[in-house]
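Q: Mind folding the following:
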Amino acid sequence: MVIGGGAAGLAAARTARRRGARVALVSAGPLGGDCTFYGCVPSKTLIESARQGLSFAEASRRVHATVARIAAGEDAAVLGREGVQVLTGRARLLGRGRVAVEGSTLGYRRLVLATGSTPLVPAVPGLAGVGALTNETVFDLSTSPASLLIIGAGPIGVELGQAFAGLGTSVTLVEAAPRVVPREEPEASAVIASALSAQGARVRTGRQVTSVSREGDGPGAGLVCARLDDASEVRAEQVLVAVGRRPRTGDLGLEQAGVALDERGYVVTDSHLRTSARDVYAAGDVTGRGMFTHAADEMGRVAANNALSPTPWRRFHQDAVPAVTYTSPELARVGLTEQQAAGLRGARVAELPLEELDRALAADRAEGYIKLITAPRGALGHLAGGRLVGATIVAERAGEMIALPTLALRTGMLPARLALTVQAYPTWSVGVRQAAAQLFVETGGRRARPARLSPEEA
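A: Okay, the predicted model is just below:
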């Protein structure tokens, strides 16, 4: 049995069927989950529409058409033809081996929890009363807001901020951390902040929203007024909350089945994705192991395979899952940042500014960089480049370019292979080879250097 019909649940159910198991999938919402209806599909469609200069009305029509087209390939009828029994309703665990679904009690031998996550709405006074948008409601807007306040400048905030700015909305982002996309490298944050500003978005970092209200009378009536901790105010027609996610684990009866949660409410799993209950596995956002559709898909397959094996042996390699922020330029990372690697003895960094990449110059998009991070490989040290432990790329095609470093990290490939593999010229991926070459020779006046903390981290 699989509980949850998002990316992780679909992957688990289909994997189990390929293994020959009888499979029931229980979903409280439409199959496809957040990614199809509220996340990747609508957001990337909106982003592409904005880049192509479409109007908001045209972009909105494209968003809904794309969602419908993709959802049609993963509905109950499609899964039924694949041999998966789909049950609609909310599931609650009644104890080991038993689940209640809309008044019926069902049995299972193995269970995969894939209930996903939901937007986190902070307890800011007044926020609940102003009709704040989240990623679950923002794509339902029928008209483009003249102005939009976005609380949070992580990946969702900066992506939608840039998209709405491109569609003609006056955008202000407020981020409590000292910089946008604060989990990424400081240099990457600086490039993204500059790109947002260049598109007309205002960025307020190091600030928290202390209260929110909707103006009643006089000039600005109907606008949302957000007060910040520096006593300043931001007014906008709409407010979008993008401060993070929280797991959907409430009212599932997990304690009845002996499934433990951590202090944040996520399901505790080991590297095989087994929970504290031996017959229950978990996959996707509900594990807190990476809020990405591609991570959920991989976890779903790992969890189902392990659940159906006499001994679970497949592992989910979280360090080899890439993350991409789909701004322009894109920001992609896999593995460690330089700041994280600075604590590794002998860690080295090969860095290439895009000003030295011919394709970036030809496209007139030279903002950004490519950074490869390596560490010694046991007794071999830095022979053949050591081992790749991380990569960050900020470039117009960073989401595609990160595939090479991800492959190298996942397979333990010698970094020398990246330097020796011929790339077509002039592609963006040539830059990965140019950067890797610095691990062995001086090229363009550059050679790999020791990893170091940024000034703000030091």
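Q: Report the central residue of the protein.
A: Centre of the chain computed as the mean C-alpha position; nearest residue by CA atoms, centre = their mean is F292, 4.1 Å away.
Q: Show the contacting residues for that residue.
A: When contacts are counted by CB atoms under 8 Å, 6 or more residues apart in numbering, F292 is found next to 321, 323. (Each C-beta comes from the backbone N, C-alpha and C, glycine too.)
Q: Kindly provide the distance from it to R333.
A: Using CB to CB, to the nearest Å, one obtains 12 Å as the distance from F292 to R333.
Q: and if you look at G343?
A: To R333, G343 is 17 Å away according to CB to CB.
Q: Comparing these two, which residue is more hemmed in?
A: With neighbours defined as other CB atoms under 10 Å, G343 and R333 compare such that R333 has more, 25 against 10.
Q: How is the residue lying closest to the more buried one once chain neighbours are set aside assigned, secondary-structure-wise?
A: If the residues on either side of it in the chain are set aside, R333 comes closest to T392, at 4.6 Å by CB to CB, 6 or more residues apart in numbering. Of the three states, T392 takes strand under DSSP: H, G, I helix; E, B strand; the rest coil.
Q: what do you get for V432?
A: helix.
Q: Now do stretch 231-244: everything it contacts.
A: Applying CB under 8 Å, 6+ apart, the external contacts of stretch 231-244 come out as 119-122, 127, 130, 132-135, 138, 141, 145-154, 156-157, 160, 170, 172, 174, 204, 207, 212, 215, 220, 222-228.
Q: Pull out the buried positions in stretch 435-442.
A: Within stretch 435-442, the residues that qualify as buried are 435-440, counting by 16 or more other CB atoms under 10 Å.
Q: Give me the distance between the two termini of that stretch.
A: Chord length of stretch 435-442, first to last residue, is 10 Å (CA to CA, to the nearest Å).
Q: and if you look at stretch 133-147?
A: Using CA to CA, the span of stretch 133-147 from its first residue to its last is 13 Å.
Q: how about it: buried residues?
A: Using 16+ other CB under 10 Å, the residues of stretch 133-147 that count as buried are 133-135, 138-139, 144-145, 147.
Q: next one: stretch 21-41
A: Buried, per 16+ other CB under 10 Å, within stretch 21-41: 21, 23-28, 30-41.
Q: What of stretch 337-346?
A: Within stretch 337-346, the residues that qualify as buried by neighbour count (16+ other CB under 10 Å) are 337-342, 344.
Q: what sits up against that stretch?
A: Around stretch 337-346, the neighbours that count as contacts under CB under 8 Å, 6+ apart are 184-186, 336, 347, 349, 371, 373, 375-376, 381-382, 386, 389-390, 392, 451-454, 457.
Q: which residues of the stretch 1-150 of the chain fall in helices?
A: Per DSSP state H, counting those that start in this stretch, the stretch 1-150 of the chain has helices spanning 7-18, 33-37, 40-51, 56-71, 76-81. These are given in chain order.
Q: Name the residues that touch the fourth one?
A: Helix 56-71 is contacted from outside by 30-32, 36-37, 41-42, 45-46, 49-50, 54, 139, 141-144, 167-168, using CB under 8 Å, 6+ apart.
Q: how close does A77 get to A165?
A: Distance, A77 to A165, using CB to CB: 40 Å.
Q: cool, S211 as well?
A: S211 sits at a distance of 25 Å from A165 (criterion: CB to CB).
Q: Which one's more surrounded, the two?
A: Looking at S211 and A165 with other CB under 10 Å, you find the greater number of neighbours at A165, namely 23 against 13.
Q: Okay, and that one sits in which element?
A: A165 is part of helix 155-166 when elements are defined by DSSP states H and E.
Q: Next, the angle helix 40-51 makes with that helix.
A: The directions of helix 155-166 and helix 40-51 differ by 30 degrees, with axes from the mean of the first three to the mean of the last three CA atoms, to 10 degrees as the criterion.
Q: Isn't P145 up against L167?
A: No - contact status for P145 versus L167: not in contact, 9.7 Å apart, counting by CB atoms under 8 Å.
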